[in-house]
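Q: here is a sequence together with a model predicted from it:
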Amino acid sequence: MKTNPGRFFEDYTLGEVIAHAVPRTVSGGERALYHALYPARGALYSSDEFARASGLAAAPMDDLIAFHTVFGKTVPDISLNAIANLGYAEGRWLKPVWPGDTLRSESEVIGLKENSNGKSGVVYVRTRGLNQAGEAVMEYVRWVMVRKRDASAPAPETVIPALAPAVAAADLVIPEGLDFSRYDFTLAGEPHRWGDYAMGEQIDHVDGVTVEEAEHMLATRLWQNTAKVHFDATQREDGKRLIYGGHVISLARALSFNGLANAQVIVALNAGAHANPCFSGDTVRAWSEVLDKAETAAPGVGAVRLRLVAVRHGAEPFALKGADGKYLTDVLLDLDYWALMPM
Amino acid sequence: MKTNPGRFFEDYTLGEVIAHAVPRTVSGGERALYHALYPARGALYSSDEFARASGLAAAPMDDLIAFHTVFGKTVPDISLNAIANLGYAEGRWLKPVWPGDTLRSESEVIGLKENSNGKSGVVYVRTRGLNQAGEAVMEYVRWVMVRKRDASAPAPETVIPALAPAVAAADLVIPEGLDFSRYDFTLAGEPHRWGDYAMGEQIDHVDGVTVEEAEHMLATRLWQNTAKVHFDATQREDGKRLIYGGHVISLARALSFNGLANAQVIVALNAGAHANPCFSGDTVRAWSEVLDKAETAAPGVGAVRLRLVAVRHGAEPFALKGADGKYLTDVLLDLDYWALMPM
Amino acid sequence: MKTNPGRFFEDYTLGEVIAHAVPRTVSGGERALYHALYPARGALYSSDEFARASGLAAAPMDDLIAFHTVFGKTVPDISLNAIANLGYAEGRWLKPVWPGDTLRSESEVIGLKENSNGKSGVVYVRTRGLNQAGEAVMEYVRWVMVRKRDASAPAPETVIPALAPAVAAADLVIPEGLDFSRYDFTLAGEPHRWGDYAMGEQIDHVDGVTVEEAEHMLATRLWQNTAKVHFDATQREDGKRLIYGGHVISLARALSFNGLANAQVIVALNAGAHANPCFSGDTVRAWSEVLDKAETAAPGVGAVRLRLVAVRHGAEPFALKGADGKYLTDVLLDLDYWALMPM
C-alpha cells in the first residue's frame, strides 16, 4: 500500500525517535496569512521597528506559527488514528523563528499505556521543532489516545512519564537580546504592565469571532496538518468538519489582546485541554486568569502565567467546569501558558 | 478594567493628537492576500518589471493596502463606539509604501459637534499614516458619529473644520520618479489613455463578485481592524456580519479595472459615503464616472478624478440617488478620488 | 466601449501572437497562500533546505503556481467567451519559477475550426509563460470552444494542429542542477521510489477535501483569472459559482501526496479534461494510475507518467467512463502528466 495508514498503538516503541516529514520554510506570507486568519495584534510580531526597539533583529514569526508548524508535521505519525488529543505539558519556546527559517519536527516516545479495553492506548511523545541549523526552536509533550490495529496485539509495559504540572519560572527561555526597558506602551496598544496584573485576576476579553469553514481549513492546511476530520465533511455523520484545536488556540490568544496586549511573547505551554469540539458557525469568545507571576533576568521583562479559556458565545462568564468536575459544554479550550510582559 | 472600551464623544479634545497602536510591517504576504481577496490587476502593483519601466524602484504595495492599514489602526481609538462613518475628505497619498515598510498612524482631532439629541456627537479627525522613517505616506480627514458615555456631559464648543470639496489638482503628490512616457498599454491590459476619457463619461465595469463571510473577515483582520460588527454574528439581531466599508472600496476599485485598467495610481480621496450596508451573499458590481481631468508635471502622467460607485446586483445602471436625495438602497458606496493615468 | 468584451471566434487569426496583460511578480506570499488553499506538501517546494540538498538554489514556487499564473493571464483574451475548455496538450515546464520572478504570457493561435452549427468554433493556442529575462518557464497547448459574435461571419480555413498524444520522455526538461542521489525519503514523507511504481498501478489517495466558495474564489483571483462564472453567483440560473478547473487540478495534485509524495516535480502536461463541473460543497477525492515510466539523465532522477483523476465523494473507485465512453458524472478531472521522482 502506497498511502499512509498512520500508526496504531502497537506501532510505537518506548524511546524511539520519529523524524517527521516535510520541512517547511516560513516567510512573510505565512505571517500575513496568520494575521488575516486571527485578530493577532502583538506589536512585537507585527512591526520590525517595535521588535528592534525591544532588542530583537526584526519581528519574529508569531509564537503559535512555530507551534502549529511543528505540530502539523507530527500529525501523520502521531495522531492520524488518534481518538483524542489528551493533553500538553512541558512546552517551551526556545528560539524565535524568523522569516526564512526552515522548520522540521521530531518526536520521542516517552510513555505508553494500553487502555483496559484493549482496543486503544495512550502514547506520550516529546516533540521538538528544529530550525535549519538544527537548533531546537520549541519542544512540548503531548499525549494522545490511539487505536490499536489489532486488539490481540500484546500490551507494552506501561510507562507514564513524570510531567511537571507547569514549567518552572526558572526554566523559561527568554529570546536572546529581549529588552523591554524602553517599551512603548502606546504603540503596543495598552498601558497595563506586569505590575498591574494581580494573581487570580480574571479578564473577559470582550470580543468574539464567528468561525467559518473556509477559515479554519485555510489555517489547518497552512500548518500542513493532514487530519481528515478537519477537511472532509463526509467523515462525520452530521456532515460537520471538526475544527483543529490549534485554530481555537490561536483565535483565543488573538482575542486576548484586548486586555493582555502586552503579554507579547509566549514562552511556555504548561497544560492544555480541548474541552469541547468547535464547529463552523460558533462564535468564539475568550477569558483569561492570572495564575502566577515571576521576574526574569532580562531587562524590563516579567513573566506571567495565564489560563486562557475559549468559550462559545453564551457561556457563563469565567465558568469552567460543572459540579461533576467536567468542562461545561460551551468551554472549548483551557490553556495554561507563560508569557513575557514589560515590567 | 483592562479591556479597551473605546472612546466616547466626551473623550475627544479639539487639537489633541492620538497616536494609534500596533505598527505593522507589510510584505509580499500582504500583497498576495490583497490579490487573492480582490480582483486587483493594476500592472504597476502586480509587476516589479512594469513598475521599473515606469520609473519606480519596484512595485509598491497597492494604494488601498496603505489606506486600510492606516485606517485599521484608528478603529480602537476613533470608531469603536461609532454609530456611523459619515465621510472622508482631503485624502492624499504622499509616498508609496514598499514591501518591508512599517506603518503607524496618528490622528488629530480637528472638529467636534454635539448632536442636538445630546446623546452623540460628530468627531472630525485628520489621520496620517507614517512609515518607519517618520514620513507621511498618506493623510485623510474622516468624521464619525460617536456615542456619548454620559448624556449629561457638557457639550464642547462646536468646531466644524472647513474641508475642501475635492483635493485640488495642484495639490496631488506624484510618486517620485513616476514616468508613463514609455507605458506599455498591452501589458497594462487596455489601450485607453488619459485623452480617451471624457468629462462626464460613465463606465459600467460589467463584472460582479458575490461576497463570502470568510473573505471579508480575512481582509478586515489583515488590516487589524477590530470593529466587532465585522466578525461577531451575535452583534446584530439578524445574525448578519456587517462588511467593513473598506472591503467594498477595494472590491469596487478592483472591479473598475475593466474599463479603467490604466487608472493605476490612487493619489487622492476627495469624498466617500458608505451609502448602504453590504452583507455576505451580496453580488457587488461597480460603475465609474469621470468628474474631472488635469495634467501633471510628471512625464506622460495625467490625472483623472473619478466617481466610483459600488452597487448590489440588480441596481439600475448609473442610478445613485432617489427623488428624495437619498442614496438608492442598492447603492453601497459612492467614492470620489483622483487617479494617475498615462497620457 | 471601454470594457473588455473578450474575443469572439472570428477575432482570431491563424499565426497571430497575442501578448497577454498584467505581468505578475510572485513571492513567498503566493506560496503561503497556495499551501493554505491546497494540502500541498511536496518537500522540494516546502523547504529551501530540501531544495538545496536536491541541487537547487532554493525551493521553487510550486509548478502549478506557474501554470495557474500563466493560464490566468490568457483568460481575458482566450476564454472570456468560451463555451468549453476542451483540452490540453504538449505542456512542458521549462524553468523553475523562483520567488521574485515576474511572469507574463503570450499565446500563438495554432489552429481554428468553425463548428458545423456556424455559431461557434474551436481555437487552438500555444501559450508560453515568460520570466523577467524573457525565458520561457512553461508552455502548453489549449483548445477552447468560443462563440462567434456574428453567425454570418465567414468561416476561416480549418487548421487542426497535429498534437502529440503525450510529451516524449526525451523531451522532458529537468530543472538545471536537480540531483536526487542523496534524496531524504524520511523528510519527503514516503519511502516509495521510482522503482516501486509499476506500470498500470492504481493508487487511491484516500483523503478528501470539501470545497468552500471562499476558497476557490481566493485561489482563482490569486491567479488573476477573470472568468465571471467563478465569482458571480448571478451568472447561472441555479445561483452556483462554477469552480475554476485549475482549482480542482491543484486540489487533486495536492491530495495525491498521499501515495505519491515523491512525485515532486511536474515536468509535462500531456492531456487533461475537466470532465464535470465542480461546485462548493463537493468533497473532492483523487486517484492516480501509472501510465509510463522513463529514466532521465539527471542523477537519481526518474520520470513517471501519471493519470490523475479527481472525483466527487461517492464515486466508484478507479472508474472513469461509462459504457457510452463518456466520463461518469462524479469524475471531475482526468489529467495526464509527467513527474520526476527519486530513483
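A: All right, it came through fine. Residues are numbered from 1 along each chain as shown, chains lettered A, B, ... in the order given.
Q: all contacts plus neighbour counts: C-alpha atoms, from now on.
A: Noted.
Q: contact partners for A:Asp101?
A: By Cα atoms under 8 Å, 6 or more residues apart in numbering or on different chains, the contact set of A:Asp101 is A:25-27, A:131-132.
Q: let's see if you can find the most crowded of those.
A: When neighbours are counted by other Cα atoms under 10 Å in any protein chain shown, A:Thr25 leads those with 27 neighbours.
Q: not counting its neighbours along the chain, what's nearest that one?
A: A:Thr102 (4.0 Å; Cα to Cα, 6 or more residues apart in numbering or on different chains).
Q: which non-adjacent residue is nearest the residue in the stretch 151-300 of chain A positioned nearest to chain C?
A: Residue nearest to chain C within the stretch 151-300 of chain A (Cα to the nearest Cα): A:Leu222, separated by 4.2 Å. Of all residues not flanking A:Leu222 in the chain, C:Ala36 sits nearest, at 4.2 Å (Cα to Cα, 6+ apart).
Q: distance between the one helix or strand that neighbour maps to and the chain's centre?
A: Taking DSSP states H and E as the criterion, C:Ala36 maps to helix C:28-37. Computed by Cα atoms, centre = their mean, to the nearest Å, the separation of helix C:28-37 from the middle of its chain amounts to 17 Å.
Q: the helix or strand just after it close to chain B?
A: Sequence-wise, the next helix or strand downstream of helix C:28-37 (DSSP H and E) is helix C:43-46. No - Helix C:43-46 is not in contact with chain B by Cα under 8 Å from any Cα of the partner chain; minimum separation 15.9 Å.
Q: in helices, which of the contacts of A:Asp101 fall?
A: Among the contacts of A:Asp101, no residue falls in helices (DSSP state H).
Q: so whichever residue of the stretch 51-200 of chain A sits closest to chain B, which of the three states?
A: Proximity to chain B, evaluated over the stretch 51-200 of chain A using Cα to the nearest Cα, is greatest for A:Leu187 at 4.1 Å. Three-state call for A:Leu187 (DSSP: H, G, I helix; E, B strand; the rest coil): helix.
Q: quick check: it touching B:Ile18?
A: No - contact criterion Cα atoms under 8 Å: A:Leu187 and B:Ile18 do not qualify, at 10.8 Å.
Q: domain-wise, how is chain A divided?
A: With domains defined by automatic domain parsing, chain A comprises A:1-26+A:61-163, A:166-343.
Q: ranges for the helices of the stretch 1-150 of chain A?
A: A:28-37, A:43-46, A:48-53, A:63-78 (DSSP state H, counting those that start in this stretch).
Q: please see if the shortest one touches chain C.
A: This points to helix A:43-46. No - residues of helix A:43-46 contacting chain C under Cα under 8 Å from any Cα: none, with a closest distance of 16.0 Å.
Q: just checking, what packs against that helix?
A: With contacts defined as 3 or more Cα pairs under 8 Å, 6 or more residues apart in numbering or on different chains; DSSP states H and E, helix A:43-46 has these neighbours: helix A:48-53, strand B:24-25.
Q: what packs against the shortest one?
A: Pointing back at strand B:24-25 there. Contact partners of strand B:24-25 among helices and strands, from 3+ Cα pairs under 8 Å, 6+ apart: helix A:43-46, strand B:102-114.
Q: what about the strands in chain A?
A: Secondary structure of chain A by DSSP state E: the strands cover A:17-19, A:24-25, A:82-93, A:102-114, A:120-130, A:136-147, A:202-204, A:209-210, A:265-273, A:283-295, A:301-312, A:331-342.
Q: deepest-packed of the ones you listed, please.
A: Burial of those is given as mean neighbour count (mean count of other Cα atoms under 10 Å in any protein chain shown); strand A:24-25 ranks first at a mean of 28.
Q: ok, back up a step: need the helices and strands packed on helix A:43-46 in TSV (columns: distance to C:Glu215 and mean pLDDT).
A: Output for the helices and strands packed on helix A:43-46, formatted as TSV (distance: least, Cα to Cα, whole Å; pLDDT from 0 to 100):
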stretch	distance to C:Glu215	mean pLDDT
helix A:48-53	30	98
strand B:24-25	26	98
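Q: which one of the ones you listed is the most hemmed in?
A: strand B:24-25 (a mean of 28).
Q: what's near enough to touch the closest residue to A:Thr74 other than its chain neighbours?
A: Excluding its sequence neighbours, the residue lying closest to A:Thr74 (Cα to Cα, 6+ apart) is A:His20, at 5.9 Å. Going by Cα under 8 Å, 6+ apart, A:His20 touches A:73-74, A:77, A:104-107, C:186-187, C:189.
Q: what residues does the stretch 101-250 of chain A have near chain C?
A: Taking Cα under 8 Å from any Cα as the contact definition, the stretch 101-250 of chain A meets chain C at A:102, A:132, A:213-214, A:217-224, A:226, A:228, A:231-234.
Q: just checking: what are the partner strands of the worst-scoring helix or strand of chain A on mean pLDDT?
A: The weakest-scoring helix or strand in chain A, judged by mean pLDDT, DSSP states H and E, is strand A:82-93 (a mean of 95). Paired with strand A:82-93 in the same sheet, following DSSP bridges, are strand A:136-147 (antiparallel), strand A:265-273 (antiparallel).
Q: that one vs strand A:120-130, what angle?
A: Orientation check (axes from the mean of the first three to the mean of the last three Cα atoms, to 10 degrees): strand A:82-93 against strand A:120-130 gives 30 degrees.
Q: tell me the angle strand A:82-93 makes with strand A:331-342.
A: Using the same axes, to 10 degrees: strand A:82-93 against strand A:331-342 is 10 degrees.
Q: how many residues are close by A:Ala166?
A: A:Ala166: 17 neighbours (other Cα under 10 Å).
Q: list phi and psi for it.
A: When read as degrees, to the nearest 10, the backbone of A:Ala166 gives phi -160, psi 150.
Q: who are the contact partners of the residue nearest to A:Thr25?
A: Under the criterion of Cα under 8 Å, 6+ apart, the neighbours of A:Thr102 are A:23-26, A:131-132, C:47-49.
Q: need the strands paired with strand A:82-93 in TSV (columns: mean pLDDT).
A: Formatted as TSV, the strands paired with strand A:82-93 follow (pLDDT from 0 to 100):
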stretch	mean pLDDT
strand A:136-147	97
strand A:265-273	98
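Q: right, and those strands - which one's nearest A:Asp330?
A: strand A:265-273 (13.4 Å; Cα to Cα).
Q: CA atoms of that closest one as PDB?
A: Coordinates of each C-alpha in strand A:265-273 appear next as PDB, following Å, rounded to 0.1, in the frame of the first residue of the first chain:
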ATOM      1  CA  VAL A 265       5.900  36.500  24.000                       C
ATOM      2  CA  ILE A 266       4.600  33.000  24.700                       C
ATOM      3  CA  VAL A 267       7.500  31.100  26.300                       C
ATOM      4  CA  ALA A 268       5.800  28.100  27.800                       C
ATOM      5  CA  LEU A 269       2.800  25.800  27.400                       C
ATOM      6  CA  ASN A 270       2.100  24.300  30.800                       C
ATOM      7  CA  ALA A 271      -1.000  22.400  30.000                       C
ATOM      8  CA  GLY A 272      -3.900  22.400  27.700                       C
ATOM      9  CA  ALA A 273      -7.300  20.700  27.100                       C
END
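Q: what angle separates that strand from strand A:301-312?
A: 40 degrees.
Q: on that earlier part again, give me the contacts around the least confident helix or strand of chain A.
A: Contacts to strand A:82-93, defined as Cα under 8 Å, 6+ apart, come from residues A:63, A:79, A:137-147, A:163-167, A:172-173, A:266-274.
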